[in-house]
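Asker: next input, structure requested:
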Amino acid sequence: MMSPQRRVVITGLGVVSPIGVGTAANWDALVAGRSGVGTITAFDPQGDPCRIAGEVLDFDPADFFAKKEIKKVDRFIQFAVAAAQMAIDDSGFEVTDTNADDVGVVVGVGMGGITTIEAVTAAYHKTGLKRVSPFFVPRLIGNMAPGQIAIRFGCRGVNYAPTSACASGGHGVGEAFRVVASGRQQAVLAGGAEAAISPLGVGGFAAMRALSTRNDEPERASRPFDRLRDGFVMGEGAGILVVESLDSARARGAKIYAEIAGYGANADAYHMTSPSPDGRGAADCIRLALRDGGINPTEVGYINAHGTSTPHNDSNETMAIKAVFGDHASALAVSSTKSMTGHLLGGAGGIEAVYSVLALANGVLPPTINQEESDPECDLDYVPNVAREVPVKVALSNSFGFGGTNVCLAFRAFEDGA
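Answerer: Next up, the predicted model:
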């Protein structure tokens with residue numbers, strides 16, 4: 001990969017997740033090791049094999065939308081716009097008629113408006129097209145997350161939604177980094193969003209036997225790297241970052257959280273749902289990010305792992321980390337914040353990028369909760385159960401998805417050099 005032409009930094013953060021609305025609420029919950037997983041309330045899951053999820057329970061769309069606008073946008077779009085509003089407010093970045101062409105939006109979405117599809121399909125079978133809203137299509141298509149953000153703020157630059165399963169949000173941040181580093185944009189609102197907790201959304205993964213069935217203990221169900229893990233827990237929400245050129249950030253005296261140093265993206269080319277058994281694709285992806293950022297492996301102090309709480313993913317990611325870092329792997333801190341939020345699918349890479357940046361900025365590493373029994377195949381330091389105050393120079397964020405797609409983002413603690 002080509003080295004970036006311009007340094008790129010993070011100047012604003014916004015997040016909506018099962019552990020809170022807003023960066024402060026999320027960070028407090030992460031440091032406390034608080035789970036956002038509970039029994040599903042969005043629909044009646046009685047009789048289903050999986051009846052738990054990480055739902056966003058304290059979100060009111062009226063805080064971010066006029067009443068007449070709420071019905072026009074699916075829940076995943078509501079999350080994306082809300083997180084973008086918080087990120088813009090945090091950054092202090094102003095989109096004006098002068099700079100609008102140089103400000104883009106790239107937000108990854110995996111499932112899109114599946115709740116809208118389910119609701120309209122049910123209505124259609126009862127009454128035909130009479131009950132199909134003219135907003136049906138604009139509510140469900142993934143690119144309306146970045147589209148609605150651009151409309152709200154007047155961003156006339158690049159605008160699209162990477163759709164790469166659970167790597168979508170990671171691709172959103174990585175592609176934003178690319179266009180800013182190349183000089184094509186001054187700033188990009190980037191991240192991921194998802195809201196797929198619905199009968200078919202949950203049921204589809206349950207049919208694959210991918211979900212945890214620890215229904216009686218929701219808070220203990222998501223347990224990445226633990227020997228007793230039995231599947232992932234679905235989550236919902238959005239994470240958005242203001243990705244900005246260092247020159248732009250300096251010119252306006254912006255607060256800088258961290259620098260994006262590198263981005264790796266590749267494919268396993270192995271199987272439609274399972275990762276390559278030797279962890280090769282993930283390992284190569286991490287190497288790409290390190291090479292892209294000119295990062296020595298020994299500089300990395302923390303990895304926010306993909307860590308889904310599924311048997312194969314967690315052991316494969318562990319193998320990949322060992323393959324890349326060798327002896328340094330044992331000195332790394334590796335944690336999965338999915339242990340608290342559940343797995344946000346297309347939104348995961350967005351919120352986990354936010355969490356990785358906060359870990360760098362605050363010098364505190366979020367824990368992997370529900371670490372109770374060690375797995376001989378998962379034998380790294382997973383920051384078990386309790387947050388750790390450790391300053392690190394470089395943090396990685398891994399996102400891997402169905403179809404064998406992989407993303408690794410490398411963030412560096414900001415140093416204001418030349």
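Asker: ok, V106 to V233 distance?
Answerer: 27 Å (Cβ to Cβ, to the nearest Å). In this view, the C-beta of every residue, glycine as well, is placed from N, C-alpha and C.
Asker: nope, H312 is what I was after
Answerer: 16 Å.
Asker: repeat that for N266.
Answerer: 27 Å.
Asker: ok, the two, which is more surrounded?
Answerer: The residue with more neighbours, out of N266 and V233, is V233; 30 against 18, by other Cβ atoms under 10 Å.
Asker: how is this structure divided into domains?
Answerer: 8-251, 264-412 (automatic domain parsing).
Asker: mind giving me the packing neighbours of the biggest helix by length in the chain?
Answerer: As assigned by DSSP state H, the longest helix anywhere in the chain is helix 75-91. Contacts defined by 3 or more Cβ pairs under 8 Å, 6 or more residues apart in numbering; DSSP states H and E place helix 75-91 against strand 8-17, strand 103-109, helix 144-153, strand 187-194, strand 237-245.
Asker: and the next helix or strand past the second one?
Answerer: Once strand 103-109 ends, the next helix or strand along the chain (criterion: DSSP states H and E) is helix 114-127.
Asker: now the helix or strand following that next one: buried residues?
Answerer: Next helix or strand after helix 114-127 toward the C-terminus (DSSP H and E): helix 136-140. Across helix 136-140, burial judged by 16 or more other Cβ atoms under 10 Å covers F136, P138, R139, L140.
Asker: go on, stretch 82-99?
Answerer: Neighbour counts over stretch 82-99 (16+ other Cβ under 10 Å) mark A82, A83, A84, Q85, M86, A87, I88, D90, S91, F93, V95, N99 as buried.
Asker: as JSON lines, the residues you listed with distance to R184 would be great.
Answerer: Converted to JSON lines, these look like this (distance: Cβ to Cβ, whole Å):
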{"residue": "A82", "distance to R184": "27"}
{"residue": "A83", "distance to R184": "23"}
{"residue": "A84", "distance to R184": "20"}
{"residue": "Q85", "distance to R184": "24"}
{"residue": "M86", "distance to R184": "25"}
{"residue": "A87", "distance to R184": "20"}
{"residue": "I88", "distance to R184": "20"}
{"residue": "D90", "distance to R184": "24"}
{"residue": "S91", "distance to R184": "20"}
{"residue": "F93", "distance to R184": "17"}
{"residue": "V95", "distance to R184": "16"}
{"residue": "N99", "distance to R184": "13"}
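Asker: okay if I get these as JSON lines plus pLDDT?
Answerer: Output for the buried residues of stretch 82-99, formatted as JSON lines (pLDDT from 0 to 100):
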{"residue": "A82", "pLDDT": "98"}
{"residue": "A83", "pLDDT": "98"}
{"residue": "A84", "pLDDT": "98"}
{"residue": "Q85", "pLDDT": "98"}
{"residue": "M86", "pLDDT": "98"}
{"residue": "A87", "pLDDT": "98"}
{"residue": "I88", "pLDDT": "98"}
{"residue": "D90", "pLDDT": "98"}
{"residue": "S91", "pLDDT": "98"}
{"residue": "F93", "pLDDT": "98"}
{"residue": "V95", "pLDDT": "98"}
{"residue": "N99", "pLDDT": "98"}
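Asker: out of those residues, which is nearest to G110?
Answerer: Taking Cβ to Cβ as the measure, G110 lies nearest A83 of these, at 15.7 Å.
Asker: just the helices from this protein, written as ranges.
Answerer: 23-32, 67-70, 75-91, 114-127, 136-140, 144-153, 168-181, 199-207, 246-251, 280-292, 311-325, 338-341, 348-362.
Asker: most packed of these?
Answerer: helix 338-341 (a mean of 30; mean count of other Cβ atoms under 10 Å).
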